[in-house]
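Undergrad: sharing a model prediction with you, sequence too.
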2 protein chains.
Amino acid sequence: MYDILIQYITDYSSVILSDEESTLIQEAFKPKKLRKRQYLLQEGDICKYLSFITKGALRQYTVDDKGVEHIVRFGIERWWVADYEAFINQTPSKYHIDAVEDSELLQITNERLEELKRQVPAIVVMIKKMDQRSYISHQKRIHSAISHTAEDRYTDLLNTYPELIQRFPQNMIASYLGISPETLSRIRKQMTLK
Amino acid sequence: MYDILIQYITDYSSVILSDEESTLIQEAFKPKKLRKRQYLLQEGDICKYLSFITKGALRQYTVDDKGVEHIVRFGIERWWVADYEAFINQTPSKYHIDAVEDSELLQITNERLEELKRQVPAIVVMIKKMDQRSYISHQKRIHSAISHTAEDRYTDLLNTYPELIQRFPQNMIASYLGISPETLSRIRKQMTLK
DNA sequence: CGGATCGTTGATCAACTTCAACGGTCGTGG
DNA sequence: CCACGACCGTTGAAGTTGATCAACGATCCG
């Protein structure tokens, strides 16, 4: 399962890792398995780990006073999960993270990650690229949310991340888009008629 | 005008800069003035510079096919502006950036910034902190957009960035929130009645 | 087999947009 | 320096979009 991570780092840093570096990486990340519906993090928890998904699917979300869930992020293979705010500041999280399928993760603490950055330069390059990509995708999602209709936002997601739509149930997709499950159902019906 | 930047870097890196470092920074950033309504960047331009605002107010936005503007970002003193995507990849921008007031900026190119990071460690620390803060604020804005009503989003902005509401005309605030100017006007009226 | 969950559909309701009109203010050119 | 036009915020009326509530069938899983 470490090979997926090594491959990921190679892809994102454009650096081929030495055997020593690979070993350092494997020592720094600890495996964790989650059953479907199991929490990785609950509201109020400190987020100790940054997790790399080698298998499965997770979601990060809040629950409002009416009990409605609002999904801010999905994660599948080769994605990272953590409540960044809680992870960086080591403060209680405002979010829940749980497994939507049986999942396998590789986890690292903040301190260990800093150490690894010093030991393996490729990690620094990879993290920089990840940060840039997430900045850009956040910007796009914000733009989408403030300027497009529900249908356009769904079409957008369909084009950008078709994997997610195949992978997560429709009501979660609706929550991610900020619309009701009923509305998404109707939008999909509309679209098949065209 | 450089003192604002030096102070900012000191604040965000928690490092006191040597005279040499201050000099290096001043040499790397070039001043630029903008008249109100003047473009810093137009759609299709390559974004050559990252700009630090020492005075004034700017906005980053798109214009849709109906001619409606959608503001994704504001900037005032001690904020940075650039179309990150276009800046990093040196590709044509999808956004416009212009001055809402007469403004003064300090600009740096990507290469010069990389050089400066090697020369002044405090810059690296500062950028890391900026990245973290922007990640968190993006996450919050996305969460706000998908889970709150227009009124809640306005109240949120009022609490988080009161400076922006005092500084930018109401129709721009509405655009930033993703609602029509009329709706914002009515929301404000509602709120004063309470 | 039985309960829970999910997607769908219909009816009604609330939120927000659009269109139009009006008064106030600001900046600009004559 | 004034007058005019452009822009901005406000308000009303009507229209649209999406939310809510309720019911139903299908599927999945224990």
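TA: Thanks, I have it. Every value quoted in this text rests on a predicted model; they were computed, and no experiment measured them.

Undergrad: where does chain A dip in pLDDT?
TA: By pLDDT under 70, the low-scoring segments of chain A are A:194.

Undergrad: enumerate the residues of it near DNA strand D.
TA: In this structure, chain A approaches DNA strand D at residues A:Thr149, A:Ala150, A:Glu151, A:Gly178, A:Ile179, A:Ser180, A:Glu182, A:Thr183, A:Ile187, judged by Cβ under 7 Å from any atom of the strand. C-beta here means a position set from N, CA and C on the backbone, and glycine is covered the same way.

Undergrad: can you pull out the strands in chain A?
TA: Secondary structure of chain A (DSSP state E): strands located at A:30-34, A:39-41, A:49-55, A:57-63, A:69-76, A:80-81, A:96-99, A:103-109.

Undergrad: and for stretch A:55-64, what's in contact with it?
TA: Taking contacts as Cβ atoms under 8 Å, 6 or more residues apart in numbering or on different chains, the residues outside stretch A:55-64 that touch it are A:1, A:34, A:40, A:43, A:69-77, A:81, A:83, A:94-105, A:167-168, A:172, A:175, B:143, B:147.

Undergrad: and that stretch, how far from the chain's centre?
TA: Taking Cα atoms, centre = their mean, to the nearest Å, the mean C-alpha location of stretch A:55-64 is offset from the chain mean by 8 Å.

Undergrad: please report the distance of the residue lying closest to A:His143 once chain neighbours are set aside from DNA strand D.
TA: Nearest residue to A:His143, sequence neighbours excluded (Cβ to Cβ, 6 or more residues apart in numbering or on different chains): B:Val72, at 5.2 Å. Look at B:Val72 and DNA strand D: by Cβ to the nearest atom of the strand, to the nearest Å, they are 18 Å apart.

Undergrad: can you tell me how far the residue lying closest to A:Leu24 once chain neighbours are set aside is from DNA strand D?
TA: Setting aside the residues directly before and after it, A:Leu24 is nearest to A:Gln119 in space (Cβ to Cβ, 6+ apart), at 5.3 Å. Using Cβ to the nearest atom of the strand, one gets 42 Å for the distance from A:Gln119 to DNA strand D.

Undergrad: so what's the residue count around the residue nearest to A:His143?
TA: B:Val72 has 20 neighbouring residues, counting by other Cβ atoms under 10 Å in any protein chain shown.

Undergrad: quick one: contacts for it?
TA: A:Gln139, A:Ile142, A:His143, A:Ile146, B:Gln60, B:Tyr61, B:Thr62, B:Tyr95, B:Tyr176.

Undergrad: again, only this time at 7 Å
TA: When the contact criterion is Cβ atoms under 7 Å, 6 or more residues apart in numbering or on different chains, the partners of B:Val72 are A:Gln139, A:Ile142, A:His143, B:Gln60, B:Tyr61, B:Tyr95.

Undergrad: residues in contact with A:Tyr8?
TA: With contact set as Cβ under 7 Å, 6+ apart, A:Tyr8 has these partners: A:Arg78.

Undergrad: right, and A:Ala82 touches A:Cys47 too?
TA: Yes: using Cβ atoms under 7 Å, A:Ala82 and A:Cys47 qualify as a contacting pair, with a distance of 5.5 Å.

Undergrad: what are the bridge partners for the nearest residue to A:Ser175 once chain neighbours are set aside, then?
TA: The shortest distance from A:Ser175 to any non-neighbouring residue, by Cβ to Cβ, 6+ apart, is to A:Ile71 (4.4 Å). Beta-bridge pairing of A:Ile71 under DSSP bridges involves A:Tyr61.

Undergrad: for the lengthiest helix in chain A, name the packing helices and strands.
TA: Ranked by number of residues, the top helix in chain A under DSSP state H is helix A:121-147. Helix A:121-147 sits against helix A:2-13, helix A:110-119, strand B:69-75, helix B:84-89, helix B:121-147, with contacts defined as 3 or more Cβ pairs under 7 Å, 6 or more residues apart in numbering or on different chains; DSSP states H and E.
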